[in-house]
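1. What shape does this take:
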Amino acid sequence: QVQLVESGGGLVQPGGSLRLSCAASGSIVNINAMAWYRQAPGKEREWVAVTTSSSTTGYSGSVKGRFTISRDMYKNTVDLQMNSLKPEDTAVYYCNANVLEPGSPRSLEVWGQGTLVTVSS
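-> Below you'll find the model as predicted:
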């Protein structure tokens, strides 16, 4: 079974930077898109950024220009570099991947357990 494990969360001051990492493990034939989502306290989970198997990237309007998503297709990892962080970026950040496992007729969506990012002075 495929697992996603995030790391890199923590406490950072406004204006600071943080880098999140996510590693996929297990039996994997192919990973299509990999993405980051976040869920702030009392709010619904929202999409943050995505990178596809063709290296196309996309960002939500709230993070565009501040966050950068990058992927290593050989290592099955995806990172999220977060700069110019704001208090409103405080949330649990989740890694998401669309994964094709051996013997499966279609790709499945897999989620990590989340990592907490707190932006506060």
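
2. which residues touch the most centrally placed residue in the chain?
-> Centrality entry for the chain: nearest residue to the mean C-alpha point is W36, 2.7 Å, by Cα atoms, centre = their mean. For W36, the contacting residues are 20, 22, 47-50, 69, 78, 80, 93-96, by Cβ atoms under 8 Å, 6 or more residues apart in numbering. All C-beta atoms are positioned from the backbone trio N, CA, C, and that covers glycine.

3. Could you do S120 as well?
-> Going by Cβ under 8 Å, 6+ apart, S120 touches 11, 13-14, 87, 90.

4. Just the buried subset of these, please.
-> Those of those that meet the buried threshold are T90, by 16 or more other Cβ atoms under 10 Å.

5. follow-up on the earlier one: just name the closest of the contacts of W36 to I31, please.
-> Distance ranking of these against I31, using Cβ to Cβ, places V78 first at 8.9 Å.

6. Can you name the residues bridging to that closest one?
-> C22, R71 (DSSP bridges).

7. thinking again about what came up before, return the list of strands paired to the host helix or strand of the residue nearest to the centre of the chain, each annotated with direction.
-> Assigned by DSSP states H and E, W36 belongs to strand 30-39. If you go by DSSP bridges, strand 30-39 pairs up with strand 46-51 (antiparallel), strand 91-100 (antiparallel).
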